[in-house]
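Asker: Predicted model and sequence follow; I will ask about them next.
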Amino acid sequence: MSDAMRAVERLSAPVGTTLSRFIVQEQKHFPEALGELSQLLADLSFAAKIINRDVNRAGLINSDGGVGGQNVQGEEQMKLDVVADIRFARALQRGGQACAIASEEMENFIDAGNHESRYIVALDPLDGSSNIDVNVAIGTIFSIYPRKSPIGTPPQLDDVLQPGTEQVASGYVLYGSSTVLVYTTGRGVNGFTYEPSLGEFFLSHPHMRTPENGRIYSINEGNWNDFPAGIRAYLDGARQRKLTARYIGSLVADFHRNLLKGGIYLYPPTVKAPSGKLRLLYECNPLAFIVEQAGGTATDGTRRILEISPGELHQRCPLYIGSKQMVEQVQNALKDTPEPPSQP
């Protein structure tokens, strides 16, 4: 073969499987599926493309920084938090496949007006948004549940307040040096990288598996004095074993790195946040579904995350998630290390 022909062959090499084609292929494994879930995933990926564009030009159009207020969580609300919330809400409402939407940025869930739809979507539209101003990776987290109320009726709060075991799909989008969408429908985990010149997500990480053990731990050690004794004991052991500390401060970015390389992400309860900081429905549950499908584990220290029944929309929860052996070590440390007696 001539050099010219080799060059032509390289230029005409297949670009891979698109997300939309992959979703259609996966639908064949669910004979009862009517296409709504596939369309719902397509709507979420479309909104993610728009957010990717907005994030990439945030500094140019002055959309970084705060809006001067707080969201329902009491956290500073960034401009792109609001933009992302609007983008996803519009995509889901107009797509017609979500009957209700629960978001970190909304005090209550919203009735999307699609009462014939069978699905509920819970999401954190822009995780780690405080990192936008310093150009650090941020993300989106989403979770899809089947509705419990009768088809054709307005959605109810009970439709949203379901344990993670009821999820039919979950995923996240990481906006970083490249934009990656990772999702599961309970048949393993697959990742897709965005090709902006073609406007498509292409399969780049098929059949993702996380290592049984790892050497990375991710935690905000600035809260050391407020951690439970068991967590401090685990971290002491991690330092003695010369594990690597890596903490970005964007949950999606930290989780994605540990999923690929092997590691654990820890957000324990503290004096300031005795129930933990992360939200069960749209942060802990979707990532727990993914990590379990990839061979890892997620717990609040004593319970499997996916088995916790939520009592409120924005319920918080401690989270220890990642490689199976590392999560088990944390659980053992919490069980075996008693808390010191409180000072009188």
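Answerer: Received, thanks. Residues are numbered from 1 along each chain as shown.
Asker: pLDDT score assigned to residue 105?
Answerer: Per-residue confidence at residue 105 stands at 89 (pLDDT).
Asker: Just to check, it is in contact with residue 82?
Answerer: Yes: if you go by Cβ atoms under 8 Å, residue 105 and residue 82 touch, sitting 7.0 Å apart. Glycine gets a C-beta too; all of them are placed from N, C-alpha and C.
Asker: The two: which is more packed in?
Answerer: Neighbour count, other Cβ atoms under 10 Å: between residue 105 and residue 82, residue 105 has more, with 21 against 18.
Asker: Which residue is the nearest non-sequential neighbour of that one?
Answerer: Nearest-residue entry for residue 105: residue 85, 4.2 Å, with adjacent residues in sequence omitted and distances by Cβ to Cβ, 6 or more residues apart in numbering.
Asker: Likewise for residue 126?
Answerer: Of all residues beyond its chain neighbours, the one nearest residue 126 is residue 84 (4.0 Å), with distances taken as Cβ to Cβ, 6+ apart.
Asker: Number of residues surrounding that neighbour?
Answerer: 28.
Asker: Next one, pLDDT for it please.
Answerer: Note for residue 84: predicted pLDDT of 91.
Asker: again with residue 272
Answerer: For residue 272, the pLDDT comes out at 89.
Asker: pretty sure it is touching residue 226, no?
Answerer: Yes: between residue 272 and residue 226 a contact is recorded at 6.7 Å, counting by Cβ under 8 Å.
Asker: These two: which is more packed in?
Answerer: For the pair residue 272 and residue 226, the greater number of neighbours falls to residue 226 (15 against 8), based on other Cβ under 10 Å.
Asker: Over to the residue nearest to residue 105: give its phi and psi.
Answerer: phi -60, psi -40 (degrees, to the nearest 10).
Asker: Neighbours of it, how many?
Answerer: Neighbourhood size, residue 85 [other Cβ under 10 Å]: 21.
Asker: check contacts around it.
Answerer: When the contact criterion is Cβ atoms under 8 Å, 6 or more residues apart in numbering, the partners of residue 85 are 103, 105, 106, 125, 126.
Asker: re earlier: any idea how far residue 226 is from the residue nearest to residue 126?
Answerer: Distance from residue 84 to residue 226, counting by Cβ to Cβ, to the nearest Å: 30 Å.
Asker: Same question for residue 265.
Answerer: Using Cβ to Cβ, we find residue 265 at a distance of 18 Å from residue 226.
Asker: Determine the three-state secondary structure at residue 335.
Answerer: The three-state label for residue 335, taken from DSSP: H, G, I helix; E, B strand; the rest coil, comes out as helix.
Asker: how far away is it from residue 233?
Answerer: With distances defined as Cβ to Cβ, the gap from residue 335 to residue 233 amounts to 11 Å.
Asker: ditto for residue 252
Answerer: 28 Å.
Asker: more crowded one of the two?
Answerer: Taking other Cβ under 10 Å, residue 252 and residue 233 do not tie; residue 252 has more neighbours (26 against 17).
Asker: Thank you, goodbye.
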